[in-house]
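Undergrad: Okay, here's the prediction I keep looking at, along with the sequence it came from:
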Amino acid sequence: MSLSARDGGRKDADVNFASITSLDSSGGWYVLRIALDGAVTADAAARKVLQQFFADEADWSGGLPTPLAETFFESRNWGMSRSLSRSWRNFTTIQTGLKLTANFIPDPEGGYVVLKAGPIANAVAVSGLPLTLREQEIVALVAAGKTNAEIGIILSISARTVQKHLENIFRRLGVENRMALVARASA
């Protein structure tokens, strides 16, 4: 790889990092930086979220909790035999009414883990609608004001898949848009 290509990759990584770190932790978003050697950089709020979901882990202060590491890395050992995944991967866990979704985003310098933590969407309010459980989850999240991208992250599916579900929901319930869907679900 040429030096200019490497510098271009580093600039792209810096732009990605600026975009990712602009996520608001008050909305339940947290970002971890993962170096090529597996070292984790995270603020206190992100570490607190990890502690909340992975309290039973022995000691992960220098890296990721084991379930995340096993999801995001291609083997168990660091160094030559343990490399970061070169593709986007995600992890979801639910504990005591809270859901944690973690997405690994690779870049030339290692990668990022974007965490989304918050209460599980309440599908009970829409249980009377003639929808699948997944569609009920999506309706509840739409009612909570989530965008397709946010719903995709929460449910570990793509924003396009969310849109296809919404198209099916609109057709099935006879509504034309998100506002009408929320009104129908609230009735």
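TA: Arrived safely, thanks for sending. Here the structure is a predicted model, which is why all the values come from computation and not from measurement. Numbering: from 1, shown residues only.
Undergrad: quick one: low-confidence parts of this protein?
TA: Within the chain, the stretches with pLDDT under 70 are 1-27, 57-62, 74-88, 94-97, 120-125, 127.
Undergrad: and it, what are its domains?
TA: Using automatic domain parsing, the domain parsing of the chain gives 3-119, 123-186.
Undergrad: all helices for this protein, in order.
TA: Assigned by DSSP state H, the helices in the chain fall at 3-21, 44-53, 66-72, 133-143, 148-155, 159-173, 178-186.
Undergrad: Dump the last one to CSV, restricted to CA.
TA: What follows is helix 178-186 as a C-alpha-only set of coordinates in CSV (Å, rounded to 0.1, in the frame of the first residue of the first chain):
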residue,chain,number,x,y,z
ARG,A,178,-46.1,7.0,9.8
MET,A,179,-48.4,9.5,11.4
ALA,A,180,-51.5,7.6,10.3
LEU,A,181,-49.8,4.3,11.5
VAL,A,182,-49.2,5.8,15.0
ALA,A,183,-52.8,7.0,15.1
ARG,A,184,-54.1,3.6,14.1
ALA,A,185,-51.9,1.8,16.6
SER,A,186,-53.0,4.2,19.4
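Undergrad: residue contacts, residue 118?
TA: When contacts are counted by Cβ atoms under 8 Å, 6 or more residues apart in numbering, residue 118 touches 28, 98-99, 154. No exception for glycine: its C-beta is placed from N, CA and C like everyone else's.
Undergrad: Strands - which of those residues land there?
TA: Among the contacts of residue 118, the ones falling in strands (DSSP state E) are 98-99.
Undergrad: Show me which of the contacts of residue 118 are buried.
TA: Burial by neighbour count, judged by 16 or more other Cβ atoms under 10 Å, picks out 28, 99, 154 from the contacts of residue 118.
Undergrad: where's residue 159 relative to residue 146, distance?
TA: Using Cβ to Cβ, to the nearest Å, we find residue 159 at a distance of 11 Å from residue 146.
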